[in-house]
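Asks: here is a sequence together with a model predicted from it:
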Amino acid sequence: SKIEDGRMELFNESFYLAQVIGELVEGIRPRAKAHGNEVGYVPEAGISAMTADLTKVRQVVGNLLSNATKFTRGGTVHVELRRLM
């Protein structure tokens, strides 16, 4: 709603989502390990660059990973990146 109301600006740029998610997964591994979790990441080969607001994408994926590791104990958090189209 903030975007639609003009209260939030988007800054589109091109980036490789597979790389961004890989960096976020590596960053969350210590917290996951502290909770007895493993983190798996499988990006589909050949996914090209995308254009979006990199900061917002990082926030969303980072929050999902954080919640997954926070609420999982002694398990596995598995991230799979695929293009659907």
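Replies: Great, that's in hand.
Asks: poorly predicted segments of the chain, please.
Replies: For the chain, the stretches flagged by pLDDT under 70 are 1-4.
Asks: roughly how far apart are Phe23 and Leu65?
Replies: For residue 23 the amino acid is Glu, not Phe. Note on Glu23: its distance to Leu65, by CB to CB, to the nearest Å, is 11 Å. For glycine as for every other residue, the C-beta is placed from the backbone atoms N, C-alpha and C.
Asks: of those two, which one has the most company?
Replies: Leu65 (22 against 13; other CB atoms under 10 Å).
Asks: in the chain, which spans are helices?
Replies: Ranges of helices in the chain, per DSSP state H, are 17-34, 54-70.
Asks: now those as CSV including distance to Met85?
Replies: Putting the helices of the chain into CSV (distance: least, CB to CB, whole Å) gives the following:
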stretch, distance to Met85
helix 17-34, 14
helix 54-70, 18
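Asks: burial count for Met85?
Replies: 2.
Asks: end-to-end on stretch 38-58?
Replies: End-to-end distance of stretch 38-58: 21 Å, with CA to CA, to the nearest Å as the criterion.
Asks: oh, that last question was meant for stretch 71-85, not what I typed.
Replies: 31 Å.
Asks: hmm, who's touching that stretch?
Replies: 17-18, 21, 25, 28, 32, 35-44, 47, 65, 68-69 (CB atoms under 8 Å, 6 or more residues apart in numbering).
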